[in-house]
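Peer 1: sequence? don't have it. structure:
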């Protein structure tokens, strides 16, 4: 293997799954899922630190790194029921956003072309641009709807003189045609950004953005039902992009642009599971976990669980499991 | 300007709004809102640190300090739609509670007399006494009802030999007649203080105190509906006093007397917005943010957002906006 | 007194209640409740630190350590309405799990024999084995149902070569007959442990385990209603075992094996109060509070409040108080 | 006993020594040393938190709170060789500096009159005023020289409108005559405060202030030799006042006004031991330990050790031990 | 003014000195010193966070932000004796190292051309390249020697595919001729980087690098004496570059690439003062202060003091003060 | 390989060196050094957490985990010049001290028998017993002198009823004859433990214990010179045991029983290098690094550097390098 390995720290894999090398197709042939680290934080407009996100999401757990995680409720073991391999990190020099974005897109496209679902561990949200684009290069521009959990719309135009950055990826994706504005579902928005011009642009694109007051008012599940319907309309696949700051910073402090008033961790995990069991997910990223601002690794752990819920959902969907959350855990199934 | 400035650190203003000088009426003529810092923590019965609250609430944000905060859901930009100026801090030597209380009351009364809404950044809850009194001096003793979010009733009598302190302001206000007991609405109480005698005194005053079990049992919105009705009955204005410890300490650890079992941050922000859009608010304080006990500035950020939700609510009310939270964010309005 | 005292730090008691000495029956004659510290963390599979749990749970409060805690909502003062005494710590050398478990069981049994309710402050969850066994030695093996709040089932078999440890106590209890599998109510489970074999064993024992998705789906109170009914069926008493990690780690970070997606602190406190007001509780433990991983003492404070809610519930039940949470706090009762 | 006890937290004593009650002379008759807590932080010009200093200094240790501390090098056990008792805290409402200062002075004077050495645990440096004055009331104004370890001269005049505060005690002491300016030895000063006027005032008083550059240049022991000689000239006793911020904040972060470039912890402990073995110490205070800013309790532990080194020095001096630090620890003595 | 202001947070100046605008020469005409913020951390090979360095270095102090800092020992008030102004931050998008470096160089050159000493607040050490180059553009390539305090040589060649970064500036400076290798004085190196090839390159350049063992063995002052002599040989001016990680991470944890075994904070402050009093300093930078990794702001405070010692040294040198550190602070001068 | 791997977290090796498997001699044949993790903290008398020491010491660095660390001053690359392999962790269930100690001793003896130097990463100091015993089983009881850097003598007899624990290993070693009392060199002791009886026992054993005051008084190098001479007298090899708490807790807070007044990190690194270059070291352990109490990984990093200095010293000694620390780093050698 000529595998690049880890940008920071020892070369570990997500909870101990097997390694693969993106330059060697044999190593991920038949993979269902390829984990890709994107340790980039050069696009953050405020606190950095997400470069250590991939390392933290891969390793933070109290259970052994043994490549097995039986999901208690779903009764799948995603790391075994699926073939999950970890490609290590893409080299992402945070001082060079253009090269980093290009490298990530190439890695993701390589995975998608191989028929596997890329699960990209960020990094800041800049990476959604190459993540979704890389997937769309395989599935077709405009054929992949986006389910986007976030406190922020990330539809800015130019920041600090740059078209690239963690506040702009969603605009770039719609502009390039990689994703359709009217199949862009944003869930969890709140706060004081962006301003009217950008909101007008978003409306023009016919984006569907669920602000937190709507979610509180109507209920998260009702909003998800509606969003899922839109996502499936005339699209072949779904990209799931999870910014951990969709959760309230009181529960997930380890992030760069914390906006109070968000989800509980429970809500996010339930929602991610629903997305991956109910929709044809073709790519996933989990971004904005920033270890320097974390405490007792709780945000890193949450990031790890977002990946596990996504993978478990994928596994349950593949195995055709229908799950009734209202039934007792231990009853016969 | 002979402006006092900041007691601690550089002389910054709330998110970059203009400065004013309370000794120079020209500087806040026509202001809708005047921010006043009350960096006092000499009245705390346990952990201090709220002296750094004003600085933290003013500055903690990932967005630029540019005097603009467009509220995504309400579609107002309170810092621009209203004329908001910042008077800096009142000198509050924490070792001298009497002088500090006197100085704060004078500053608040000056603002109220000028027809502006004082928004006081604490400091510990001692300051509710001068805050409400200062407003009542303008609007009339007994003419201002109080909406009080807090884990604690703050109706103690004497503590450590002092009539003043952060556990006693609500009693002093009712005793002096500045506020009426039967127009005192307390929301979020819980825990093991005060004891029966004080509760009996509170009942005698006909205070209406919503303990958390009632809120959980009946729903927060139902309790608010009821409270708002009482608040408007035979009163001309409302003072909103927000103790950040009404939120669960798990989500808002940066405070002095944390009592588990509280609101989520989301609940507080929603409630504050309701108060300021639905009621004639004449004064606001946000207290008990204690940076030394905070982590990753999440409580400071929450304090900042409480102010922004309050101001945005004031702006929406002034502009006669009717807002339907259950409608899509991006639909035409 | 030949009281052992505190293993770590000064010999303080729970919020200032009186001391007792388990070697001197006179000192706890007529006690309703005896607090016992079990500062043991040698059974943890991951982060240690719960040895400092008893000290933290006893002392963490902003109110004085004066042996009085009037419960605002229930209108009882458990520390005065009940005779509550504190036996100090059991010597628990964390390097010797067998001796520690034996010492704890003996202490708990001594309390139970004296007719008092032991309230054991952990320590890691290893101690549930001696805690429940000690109580069952008095009330009869199989006569005590167990209400177990936890993120984890703790029904493992052997870990690191040991039958004892914080992942195995519930299996040991059922195997020994101290507790019946079909009267074992687990509430709050989630995550990726244990695997299918252990779940199968649990099903065989006819345990009733409420995973978080069921709780979210059906509502916590509905689950508790059902669980309480089972608990009372052909059992004489209930043991309440609270692992603080049932609460989401975002709200209770000070613990050893944090699993995202849990209760809010409010939910736990409400549930504990219900258990102790509605069921004949004969023993309580609160475990897995790990101060080294805590922030601003919020988890320690939560542990303290779990004890206070339990004691207040016990007191209300003894005094025959019927409490309506939907009624105003200050109305006549 | 009508002992006041502890202002914050449980009523513990310094490492488990016996309690006394300052209102009951019997309880401290024959005491050599009386520990007094002064949990006051209302005089701080910046970060508060020293109100928790007494609690932290009393309890922070990894050894049991058993009233015994055999000093390995000096071969004394100060807590046993001397009669050391702990009077608990003086009530110090931080919002009322005048009453607090008066209460502390009275407590210290009571101890001094009884022939014991008061060891006062602060609290901010405001308390040096009542500490030294209380001792001087017994030994005579002007008869007690002061050895003052500190980064700051604390000779300010008026701050925030107050004559009292943690930046002014040394001026007040000299003005009142309690201490002589020319017997005031300051060791460890550095930084950018006070300005020329205050330095001129200090020179006029003939104070001897060792700035850090002089200490680095000449050596700490040479400076101490010189200072000790001055201290003994025409004075009967010495008061030792230790501000923990004399140590570099890199090694002692838990303090309110950290000034880089200070002592190592080792230097402070060696110096304190020298003072108490070589000089007739009549009173001690250790101030400015601020637990909210501490990490892993290292500054609290240092405060605890400053007290132990002082007490051990007192004990060695009483027992006439001559100690040669250059000799092997285990050789016969 | 069209001043850019602050990239992060409110637009404050170094301890309250006047603002200037680099696009308006009038605003810094006659300035002796211009403070420039370079909030760039895109060049770090490991932990980021230094983007918040300028903000932290400017503001972290317990004294008021009043534009005055009388140096107790030197008896100068650098912020008043010199004309010191603050240009705010250079826009440094951390994702674009090339533009950032260009912007910084231009800003520094502008200051140097105006005859003022630029004092650049980093930011990671990448900025030494534009800092020294900007100064050299005015004073002449090869005419400015460099005194470089650091744990690391920063003479790497290419890292993560980039010629620019915080490990390579010193090589780039020598390659470009901006600085001469044989007038490059490195002080405080230690550890396991770089390897033999780079050391050989450094030897070829005739750099003089003082590793910590040499400093311990010979004494810091002897090494400085020697270094100063080299620095003055056939050069006209000196650039002082201070990487805060030259101090031991135990005393200065808030940095990105901590290497144990360094200076004490005291040693650094004394050395910086010597450089600026004894040498013709034409430019200064202080880099690698990373607030996310700091505790209780001790490293930020140290960074602030490095600037103050440098400025005070400059002021003393300008005023021709000869200072004898071994003389008493308060004696007549 | 049937390698056990890592008890906690992913199975990484010390800075990326090759793995070996102690059950397969082929994997460490010809090894010069075998790293062994002993993640045991069941023997701590106070704060636990050292179970995470091996993981932290192996991984904490800002340089890549590439199995190469060129020592800048010594000009060796220990990880390449020596054959260093990492055996992973010994299973150490912290709840079972006897089994853990037995397992460690067997692992160490296996390494020693293979002719390699075991470098054991603790864990608490309990492990010195099996570490030294394991080495002595190969080199002969009484033939290995011990150089022991520590704040504590660790010569206690029985604690919490146990002969084993982190306060007793040195007594056990002398009692068993594994080590000779008169070849036991303790360096850095201080504080208030143990008491006279234990000191008397130590004197009887003719131990040579350098308390910090002797070290300050005579100089560390003089003490080391003397100690080295004793160590070499009639012994064949030396075991180096480094308790990280020998360093002042202000500089190394991440430890369990911090005792103020210790070494600087620099002193420890210099001393360790001297031991390994000047003496025939046959075994090393580094203990008491407790990550939960660390800040910004500075203590973990120090532990990592202690290992690197030891290995670099071993490499230099093997290669016959004579190093003059007073010579310039870059001069020809």
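Peer 2: Looks like it arrived, so ask away. Please read all numbers here as calculations on a predicted model, not as lab measurements.

Peer 1: near chain E, which residues of chain A show up?
Peer 2: A:7-8, A:41-44, A:46-49, A:51-52, A:91, A:93-97, A:99-100, A:126, A:159-162, A:164-165, A:292-293 (C-beta under 8 Å from any C-beta of the partner chain). For glycine as for every other residue, the C-beta is placed from the backbone atoms N, C-alpha and C.

Peer 1: now the buried members of those residues.
Peer 2: Burial by neighbour count, 16 or more other C-beta atoms under 10 Å in any protein chain shown: within these this picks out A:7-8, A:41-44, A:46-49, A:51-52, A:91, A:93-97, A:100, A:126, A:159-160, A:162, A:164-165, A:292-293.

Peer 1: pull the number of nearby residues for the residue of the stretch 51-200 of chain A found nearest chain F.
Peer 2: The nearest approach of the stretch 51-200 of chain A to chain F comes at residue A:65, 4.3 Å away (C-beta to the nearest C-beta). By the criterion of other C-beta atoms under 10 Å in any protein chain shown, residue A:65 has 21 neighbours.

Peer 1: ok, the spatially closest residue to it that is not a sequence neighbour to residue F:93 distance?
Peer 2: Closest residue to residue A:65 apart from its sequence neighbours, by C-beta to C-beta, 6 or more residues apart in numbering or on different chains: residue A:16 at 3.6 Å. Residue A:16 sits 21 Å away from residue F:93, going by C-beta to C-beta, to the nearest Å.

Peer 1: for the residue in the stretch 151-300 of chain A that chain C sits nearest to, which non-adjacent residue is spatially closest?
Peer 2: Going by C-beta to the nearest C-beta, chain C is nearest to residue A:251 of the stretch 151-300 of chain A, at 2.8 Å. Using C-beta to C-beta, 6+ apart and skipping the chain neighbours, the partner closest in space to residue A:251 is residue C:250 (2.8 Å).

Peer 1: check what pLDDT that neighbour gets.
Peer 2: Listed pLDDT for residue C:250 reads 97.

Peer 1: what residues are up against it?
Peer 2: Going by C-beta atoms under 8 Å, 6 or more residues apart in numbering or on different chains, residue C:250 touches A:247-248, A:250-252, A:264-265, A:298, A:302, B:250-251, C:260.

Peer 1: ok, residue A:319 next?
Peer 2: Counting by C-beta under 8 Å, 6+ apart, residue A:319 makes contact with A:76, A:81.

Peer 1: circling back: can you redo the contacts of residue C:250 as a markdown table with secondary structure and distance to residue F:83?
Peer 2: Output for these, formatted as a markdown table (DSSP: H, G, I helix; E, B strand; the rest coil; distance: C-beta to C-beta, whole Å):
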| residue | secondary structure | distance to residue F:83 |
| --- | --- | --- |
| A:247 | strand | 48 |
| A:248 | coil | 52 |
| A:250 | coil | 51 |
| A:251 | coil | 48 |
| A:252 | coil | 45 |
| A:264 | coil | 52 |
| A:265 | helix | 47 |
| A:298 | helix | 41 |
| A:302 | helix | 42 |
| B:250 | coil | 51 |
| B:251 | coil | 53 |
| C:260 | coil | 43 |
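
Peer 1: ok, which stretches of chain A are strands?
Peer 2: Secondary structure of chain A by DSSP state E: the strands cover A:18-19, A:33-38, A:84-89, A:117-122, A:144-149, A:184-189, A:208-211, A:237-243, A:281-287.

Peer 1: out of these, which comes closest to chain B?
Peer 2: strand A:208-211 (4.3 Å).

Peer 1: which secondary structure elements does the closest one contact?
Peer 2: strand A:184-189, helix A:220-232 (3 or more C-beta pairs under 8 Å, 6 or more residues apart in numbering or on different chains; DSSP states H and E).

Peer 1: so where's chain A uncertain?
Peer 2: Within chain A, the stretches with pLDDT under 70 are A:1, A:333.

Peer 1: residue numbers of it in contact with chain F?
Peer 2: A:6, A:9-13, A:16, A:58-59, A:65.

Peer 1: try 10 Å this time
Peer 2: A:5-16, A:55, A:58-62, A:64-66, A:292, A:296 (C-beta under 10 Å from any C-beta of the partner chain).

Peer 1: could you turn the buried ones of these into a PyMOL selection?
Peer 2: Under the burial definition 16+ other C-beta under 10 Å, those of those that qualify are selected in PyMOL by:
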select buried, chain A and resi 5+6+7+8+9+10+11+12+13+14+15+16+55+58+59+60+61+62+64+65+292+296
